[in-house]
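Trainee: Here's a sequence, model it:
(2 chains)
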Amino acid sequence: MKSLRSRFDVNGLVLPVILLLIWQVLAWRANTPLFPGPLQVAQSIAKLYPAILGELGHTLLRAAVSFVVAAVIFIPLGILLGRLRLLGALLEPAIDMLATLPPPAVVPIVMLFAGTGDGAKIVIIAYAAAVPLLMNTYEASRTIHPAANQVARVLNLTRLEAMWHIDLPASLPMIATGIRLAVSSALLVSVTSEMLLATNGIGVLIQRQQENFQIAGGLAAITFISLAGLIINSLVFEFEKRWLFWHYQGAGASGRGQTS
Amino acid sequence: MALETLLLRFRGPVSFLIIVLVWQIVASLQLVPEKYFPGIPAIASSFWTMLLSGELLTGDGLTLMRALIGLAGSVVIGVSLAILSDVSPVFRAGFQPIAALVQPIPPAALVPMAVFMLGLGAKLYAFIIILVTVWPPYLNGVAALAATGDVPMKTGRMLGLSDRDILFRIKLPAAMPEIFSGIRYAATISLIAVVVSEMLAGHDGLGFMLIRKAFATKIPDVYALMFVCALNGALINWLVNRARWQMTGWHIRMTERTP
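Mentor: Below you'll find the predicted structure:
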């Protein structure tokens, strides 16, 4: 709670308030519904919030399902590739190449196989979440301290036991970074995929608002997306701190960067 | 053992060959209709025709150009914001909540709104790309500037450097490696942001070509374009890595000794 208080000190309010004022003044001067100010956006939020929350629910549910699918498939795969060195080294350039293929580029292909329903979107979102998960897990389990492997050998662990009892816990901090990146990219891509393969969800709502020239309504929906993203990201970070306390005790808070 | 070292030395091409082979086998097994999953020859030939007709190069050139210009802009803005945050506590306290709020907004959600405010031209692309990619350099920059070691700072003070000199000659160089890892991440997202905005609001470029070919069900073309997207990513990564070597080679040499 201490961090919450210090984040809301007076200094923190100066800049946002100035920016909001500038925005409002610009909107008054432009004086068209195509350039709404914060007041109009607030009005739209008051008017539209039941619809927005409902659609946001669809979006978040889909993002969550896809994330779980990606995690279940790609974390074990990453550990496997990190363990089987030759295979991992051979496939590493392939993974790197896959990582550079932007998720929206996959949309047209997935559309052919899976149509435009929930299945298609889940595949696309899972693909987006898979890349950081796979890369971070692979990198982590490849660079495990050799002493840990020697312990496994001394204890006569089988390959599978070693993966479960040693590789997984030792790679958890880096996997957690991957999870954080994967969660936020799942959120991003779920909205994108809804806009390209329209059925329901907050992406569709935004597009509908645009088609009716309700820019304020669209901005209201965007406000909700950003709040949801903020809450989810900080929840993920809280869980990470709670479950990986042993890692953060040793390393301070330095685990907070991007992927290497 | 000899085979293994040989494989590892050429692992780039080998990896590529494995993908091509697996792809071709899946395609020849006809598990999926050939119309949706064409073999490698079909994809290669449509790649070749698009390359010869010039549409591939112009489209891809536009996309890459947009991504690079946007990336350069957001690096300059992001690093300046990080420096500003480091200098002024009021700015930092005010900007952090804004960053936290704007960061999770997907680029796709911004496109429809931005179309009305900025039109369909270069301004739209610049706005979207910068708004999406400015955060990794900014966040990493703020963290790294704040984490400069005590010893270099005190050394600077002892040598009589002014605050400005300490900022530009000690803190900023020390923060460079971390800023660059942010830039690398931003490079990947900048490509994504360009392709998305082209798909949703463009009339040229790679993203637009992808959508148009998909709706015309020219499937081999779509796969060829996806391959080009992946190549773009590799290219932009390579460029950023080159720049990173130029600017922070000392750091890489220092850390790569412990593989």
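
Trainee: Next secondary structure element downstream of the helix-or-strand element of chain A with minimal mean pLDDT?
Mentor: Between all helices and strands in chain A, the lowest mean by mean pLDDT, DSSP states H and E belongs to helix A:2-7, at a mean of 52. Sequence-wise, the next helix or strand downstream of helix A:2-7 (DSSP states H and E) is helix A:10-30.

Trainee: next helix or strand past that following helix?
Mentor: Counting by DSSP H and E, what follows helix A:10-30 is helix A:38-83.

Trainee: Now do the phi/psi pair for the residue most central in space within chain B.
Mentor: Centroid-nearest residue in chain B: residue B:187, 1.8 Å away (criterion: Cα atoms, centre = their mean). Main-chain dihedrals, residue B:187, degrees, to the nearest 10: phi -60, psi -40.

Trainee: For it, which residues are in contact?
Mentor: By Cβ atoms under 8 Å, 6 or more residues apart in numbering or on different chains, the residues touching residue B:187 are B:67, B:71, B:133, B:236, B:237, B:239, B:240. The way it works is simple: take the backbone N, C-alpha and C, and place the C-beta from them, glycine included.

Trainee: cool, residue B:233 as well?
Mentor: Counted by Cβ under 8 Å, 6+ apart, residue B:233 has contacts A:97, A:99, A:100, A:101, A:102, B:188, B:191.

Trainee: quick one: what helix or strand has it in it?
Mentor: Assigned by DSSP H and E, residue B:233 falls in helix B:219-255.

Trainee: which parts of that helix are buried?
Mentor: B:219-230, B:232-233, B:235-237, B:240, B:244, B:248, B:251 (16 or more other Cβ atoms under 10 Å in any protein chain shown).

Trainee: Then stretch A:144-157?
Mentor: A:144, A:149, A:152, A:157.

Trainee: Are the helix or strand bottoming out on mean pLDDT in chain B and chain A in contact anywhere?
Mentor: Least confident helix or strand of chain B, by mean pLDDT, DSSP H and E, is helix B:2-9 with a mean of 72. Yes. For helix B:2-9, a contact with chain A is found by Cβ under 8 Å from any Cβ of the partner chain, at B:4, B:7, B:8.

Trainee: So which elements touch that helix?
Mentor: helix A:85-99 (3 or more Cβ pairs under 8 Å, 6 or more residues apart in numbering or on different chains; DSSP states H and E).

Trainee: what's whichever helix or strand comes after the helix it packs on in contact with?
Mentor: Moving toward the C-terminus from helix A:85-99, the next helix or strand (DSSP H and E) is helix A:103-114. Outside helix A:103-114, the residues that touch it by Cβ under 8 Å, 6+ apart are A:120, A:123-125, A:127-128, A:185, A:189, A:192-193, A:196-197, B:32, B:36, B:108, B:192, B:195-196, B:199, B:207, B:210-211, B:213-214, B:219, B:222-223, B:225-226, B:229.

Trainee: which among these end up buried?
Mentor: In these, burial by neighbour count holds for A:120, A:123-125, A:127-128, A:185, A:189, A:192-193, A:196-197, B:108, B:192, B:195-196, B:199, B:207, B:210-211, B:213-214, B:219, B:222-223, B:225-226, B:229, counting by 16+ other Cβ under 10 Å.

Trainee: any idea how far the residue of the stretch 1-150 of chain A found nearest chain B is from residue A:202?
Mentor: In the stretch 1-150 of chain A, no residue comes nearer to chain B than residue A:100, which is 2.1 Å away by Cβ to the nearest Cβ. According to Cβ to Cβ, to the nearest Å, residue A:100 and residue A:202 sit 28 Å apart.

Trainee: Looking at those two, which has the bigger crowd around it?
Mentor: Neighbour count, other Cβ atoms under 10 Å in any protein chain shown: between residue A:100 and residue A:202, residue A:202 has more, with 28 against 20.

Trainee: Tell me who's in contact with that one.
Mentor: So residue A:202 contacts A:52, A:55, A:56, A:58, A:59, A:191, A:194, A:221, A:224, A:225, B:109 (Cβ under 8 Å, 6+ apart).

Trainee: let's go with 6 Å and repeat that
Mentor: A:55, A:56, A:59, A:221 (Cβ atoms under 6 Å, 6 or more residues apart in numbering or on different chains).

Trainee: what's the most distant pair in the residues you listed?
Mentor: A:59 and A:221 (10.2 Å; Cβ to Cβ).

Trainee: And the two? Which one has more around it.
Mentor: Between residue A:59 and residue A:221, counted using other Cβ under 10 Å, residue A:221 has the larger neighbour count: 29 against 25.

Trainee: Spell out which parts of chain A neighbour chain B.
Mentor: A:11-12, A:14-16, A:34-35, A:89-91, A:93-94, A:97, A:100-102, A:104-105, A:108, A:112, A:188, A:191-192, A:195, A:206-207, A:210, A:215, A:218, A:222, A:225-226, A:229-230, A:258 (Cβ under 6 Å from any Cβ of the partner chain).

Trainee: looking at chain A, which residue ends up farthest from its center?
Mentor: Outermost in chain A, Cα atoms, centre = their mean: residue A:154 at 39.3 Å.

Trainee: give me the element residue B:140 is part of.
Mentor: Assigned by DSSP H and E, residue B:140 falls in helix B:135-146.

Trainee: Name the residues of that helix that come out as buried.
Mentor: B:135, B:136, B:137, B:138, B:139, B:140, B:141, B:142, B:143, B:144, B:145.

Trainee: Excluding covalently adjacent residues, which one is nearest to the first one?
Mentor: The one in question is residue B:135. residue B:103 (5.0 Å; Cβ to Cβ, 6 or more residues apart in numbering or on different chains).

Trainee: Equivalent analysis for the last one, please.
Mentor: For residue B:145, ignoring the flanking residues on the chain, the nearest one in space by Cβ to Cβ, 6+ apart is residue B:86 at 4.4 Å.

Trainee: Can you name the next helix or strand after whichever strand or helix holds the one you found?
Mentor: Here residue B:86, judged by DSSP H and E, is contained in helix B:55-87. Using DSSP H and E, the helix or strand that follows helix B:55-87 in sequence is helix B:89-102.

Trainee: Tell me the buried residues in that next one?
Mentor: Buried residues in helix B:89-102 (16+ other Cβ under 10 Å): B:91, B:92, B:93, B:94, B:95, B:96, B:97, B:99, B:100, B:102.

Trainee: ditto for stretch A:222-240
Mentor: A:222, A:223, A:224, A:225, A:226, A:228, A:229, A:230, A:232, A:233, A:236, A:240.

Trainee: CA-only coordinates of it, as CSV, when you get a sec.
Mentor: Written as CSV, here are the backbone C-alpha positions of stretch A:222-240 (Å, rounded to 0.1, in the frame of the first residue of the first chain):
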residue,chain,number,x,y,z
ILE,A,222,-9.9,2.5,-25.4
THR,A,223,-9.8,3.9,-21.8
PHE,A,224,-11.3,0.7,-20.5
ILE,A,225,-8.8,-1.4,-22.5
SER,A,226,-5.9,0.5,-21.0
LEU,A,227,-7.3,0.3,-17.5
ALA,A,228,-7.8,-3.5,-17.9
GLY,A,229,-4.3,-3.8,-19.2
LEU,A,230,-2.9,-1.8,-16.4
ILE,A,231,-4.7,-3.9,-13.8
ILE,A,232,-3.7,-7.2,-15.4
ASN,A,233,-0.1,-6.3,-15.7
SER,A,234,0.2,-5.2,-12.1
LEU,A,235,-1.6,-8.4,-11.0
VAL,A,236,0.9,-10.5,-13.0
PHE,A,237,3.7,-8.6,-11.4
GLU,A,238,2.3,-9.1,-7.9
PHE,A,239,1.9,-12.8,-8.4
GLU,A,240,5.4,-13.0,-9.7
